[in-house]
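Visitor: 3D model of this:
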Amino acid sequence: MNYSEDRLLIGSDREGQTARFRHWILLVVPLCAILFQIYIPLFFEFLTFLELPLLVTVYFSLMRRSPMGGIAIGALVGLAQDSLSKNPLGMLGIVKTLVGYFAAAVGLRFDVDHTFVRFALCFFFFLFHQFFYWVLARALLGQELALEVSRMMLTGVLNAAVGVSLFYFLDKLRARG
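Guide: Numbers count the residues shown, from 1 in each chain. Next comes the predicted model:
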């Protein structure tokens, strides 16, 4: 069995290719997402549900299709987000590292250029992120955080809708050639 026979949802013209991005895009986009996450909700409280650093981590991990690259992206974005926020250092780093790894592994198996697949993956990885943050906060920090499943589902759908739009925009930033 070769690689292309083992992929699910085949049909993209870019099947099996890893996306290439300019180096400045890999730095600026996550930094803008982190700054958005920290500062915009201070002025617009209704945007607190958005988890743009997570969506950027998922996108770059899916498109690069490299588990080691996904680990690096997730760790760097998570630790940068931790260092600029009031969260304990390392919590988001650990969770986003896991998300980056699993998103890259999924990118190896699925054609992630379909809108529905992107929506489903954004929703799943948002729930995955929230659940593992909850587990780590309880296990490592001893915090008693409530797990609000209905709110998590609603914000997951909203983040997935934003994620599909964001992914379309980030597709335009891919290096050509």
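
Visitor: May I ask which helix or strand encompasses the closest residue to Ile71 other than its chain neighbours?
Guide: Excluding the flanking residues, the one nearest Ile71 by Cβ to Cβ, 6 or more residues apart in numbering is Tyr101, at 5.0 Å. (Glycine included, C-beta is placed from N, CA and C.) Using DSSP states H and E, Tyr101 maps to helix 91-109.

Visitor: Which SSE is immediately downstream of the helix or strand of the chain with the lowest mean pLDDT?
Guide: Every helix and strand of the chain was ranked by mean pLDDT, DSSP states H and E. The lowest is helix 3-6, at a mean of 49. Going down the chain from helix 3-6, the next helix or strand is helix 23-43, by DSSP H and E.

Visitor: And that next one, how far out from the chain middle?
Guide: 13 Å (Cα atoms, centre = their mean, to the nearest Å).

Visitor: mind listing what's buried in it?
Guide: Going by neighbour count (16 or more other Cβ atoms under 10 Å), the buried part of helix 23-43 is 26, 29-30, 33-34, 37.

Visitor: So which of those residues is the closest to Ala72?
Guide: Leu26 (10.1 Å; Cβ to Cβ).

Visitor: Contacts only, for the nearest residue to that closest one once chain neighbours are set aside.
Guide: In this structure, Leu26 finds its nearest non-sequential neighbour in Phe60, 6.9 Å apart by Cβ to Cβ, 6+ apart. By Cβ atoms under 8 Å, 6 or more residues apart in numbering, the contact set of Phe60 is 21, 26, 29-30, 69-70, 73.

Visitor: and the buried residues of helix 23-43 as CSV, adding distance to Ala160 and pLDDT?
Guide: Converted to CSV, the buried residues of helix 23-43 look like this (distance: Cβ to Cβ, whole Å; pLDDT from 0 to 100):
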residue, distance to Ala160, pLDDT
Leu26, 23, 89
Val29, 19, 94
Pro30, 19, 95
Ala33, 16, 96
Ile34, 20, 95
Gln37, 17, 92
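
Visitor: In the residues you listed, find the pair that's most separated.
Guide: Of all pairs in those, the most separated under Cβ to Cβ is Leu26 and Gln37 at 17.6 Å.

Visitor: how close does the residue positioned nearest the centre of the chain get to Thr18?
Guide: The centroid of the chain falls nearest to Val58 when counting by Cα atoms, centre = their mean (2.7 Å). Applying Cβ to Cβ, to the nearest Å, the value for Val58 to Thr18 is 15 Å.
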